[in-house]
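In: Give me a model of this one.
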Amino acid sequence: MIIATDIGYSHTKGATDGRRVIFPSVVGEVQTAHLEALGQGDDYLQIETDEGAWFVGQAAVEQSGMTTRRQDRKWIETPEYHALTLAAIAEITGATGVTVELVTGLPVAYFSDHANLTAWLKQVHTVKRAGRRAQRIQIADVIVLPQGLAAVLSEALDSQGKIRPGPVSQGMVGLIDIGGHTVNVATFKALREITRQTASIDAGMWGPVTEIGKRVNAAYPGLNLVGHEIADAIQAGKVHFFGQDRDITGICQDVLRPFARQIMAVATQTWGNAARLDSLLVAGGGGEVVIPALVAEYPHARVVSDPQWANVNGYLRFAWRRWGKR
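Out: Reported below is the predicted structural model:
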């Protein structure tokens, strides 16, 4: 079974042919008794691995008194990262015994760690989802890609994994991939990375999300929004305060405008006026935030199709190219 996972600082995503899953990248350790009480007949992600028992995703946001959402390079070595990966696979398939070919990725700046990640992934894992029998997941083969390349592949490859002729696959392409914690800036010529024009910076969406949260909580005392509650409010453009909707788009824009200028500064340092690029692609959950500023500067800039899922789509299409669609 071919599966693609994108374990991001903001959300964890997984996909196979015909199925997608997404949940917040939040893990909370719980007592076994709580697992048993809450695990029957609800849709909470609650799993047990060899490293512990966990609430994962929205269950952790709502139920866990102590949650973990790390944002550092060593995150891939932690039980929490492992729990997110296995939870994504368990969400995609409930088979008690399954063999998986897995494609996942790392930020450009951390890509040298791919051998360590592969070593942990490529083994037999046991995971028990609350209310189910234990699953034996054998990850037989692993491909780890740079996240920037994956977003480009989502445009350059078709649904069968075949190369689409055109400027993305044949020309010089710039990519800005705006994630939760990192922004990847990369350049490709005929799908080959130009390393001297590739970088990863710690300037993702969680910085402005945190600042917006502070301002919203100050403006509406008592809300005390945290973490993914803030992200949800930004997406909705409003909060619910004493039974009434209150618009927060002004607060959001006051923070997001300078964030977009920061991304613009990185782009100009990398490409200047980008005249040599055939296309400038924008991917990631923050793509819609910065595209107005980018288009004003670069008329050939555009958001990739399905930007939040661009990395997963690229992983999956590369997997089909490597292993065949099945």
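
In: Any regions of the protein where pLDDT drops low?
Out: 31-43, 64-71, 326 (pLDDT under 70).

In: I248 contacts V216, correct?
Out: Yes - using C-beta atoms under 8 Å, I248 is in contact with V216, at 5.6 Å. Every residue, glycine included, has its C-beta placed from N, CA and C.

In: which other helices and strands contact the longest helix belonging to the chain?
Out: Ranked by residue count and defined by DSSP state H, the top helix of the chain is helix 249-271. If you count contacts as 3 or more C-beta pairs under 8 Å, 6 or more residues apart in numbering; DSSP states H and E, helix 249-271 packs onto strand 172-178, strand 183-189, strand 199-201, helix 206-219, helix 287-297.

In: what angle do that helix and strand 183-189 make?
Out: Our comparison of helix 249-271 with strand 183-189, counting by axes from the mean of the first three to the mean of the last three C-alpha atoms, to 10 degrees, yields an angle of 40 degrees.

In: before we move on, back to that, shared neighbours of I248 and V216, which are they?
Out: Residues touching both I248 and V216 by C-beta atoms under 8 Å, 6 or more residues apart in numbering: 233, 239.

In: what residues does the longest helix of the chain touch?
Out: With C-beta under 8 Å, 6+ apart as the test, helix 249-271 has contacts from 174, 176, 178, 183, 185, 187, 197, 199, 201, 203, 205, 207-208, 211-212, 215-216, 219, 234, 237-238, 274, 277, 280, 289-290, 292-294, 297-298.

In: And these, which of them are buried?
Out: 174, 176, 178, 183, 185, 187, 197, 199, 203, 205, 208, 211-212, 216, 234, 274, 277, 280, 289-290, 293-294, 298 (16 or more other C-beta atoms under 10 Å).

In: Which positions within stretch 73-93 qualify as buried?
Out: Buried residues in stretch 73-93, defined by neighbour count with 16+ other C-beta under 10 Å: 75-76, 80-93.

In: Which of these sits closest to E62?
Out: Nearest to E62 among those is A87, at 15.6 Å by C-beta to C-beta.

In: Kindly indicate whether the closest one is helix, strand or coil.
Out: helix (DSSP: H, G, I helix; E, B strand; the rest coil).

In: Quick check: phi and psi on the closest residue to it other than its chain neighbours?
Out: Among residues not flanking A87 along the chain, V56 sits closest, at 4.4 Å (C-beta to C-beta, 6 or more residues apart in numbering). In terms of degrees, to the nearest 10, the main-chain angles of V56 are phi -130, psi 140.

In: Show me the beta-bridge partners of V56.
Out: Beta-bridge pairing for V56 (DSSP bridges): V27, L45.

In: tally of neighbours for it?
Out: 28 (other C-beta atoms under 10 Å).

In: same question, S305
Out: S305 has 12 nearby residues by other C-beta under 10 Å.

In: For G28, see how far away the closest residue to A59 other than its chain neighbours is.
Out: Of all residues not flanking A59 in the chain, Y44 sits nearest, at 3.7 Å (C-beta to C-beta, 6+ apart). According to C-beta to C-beta, to the nearest Å, Y44 and G28 sit 11 Å apart.
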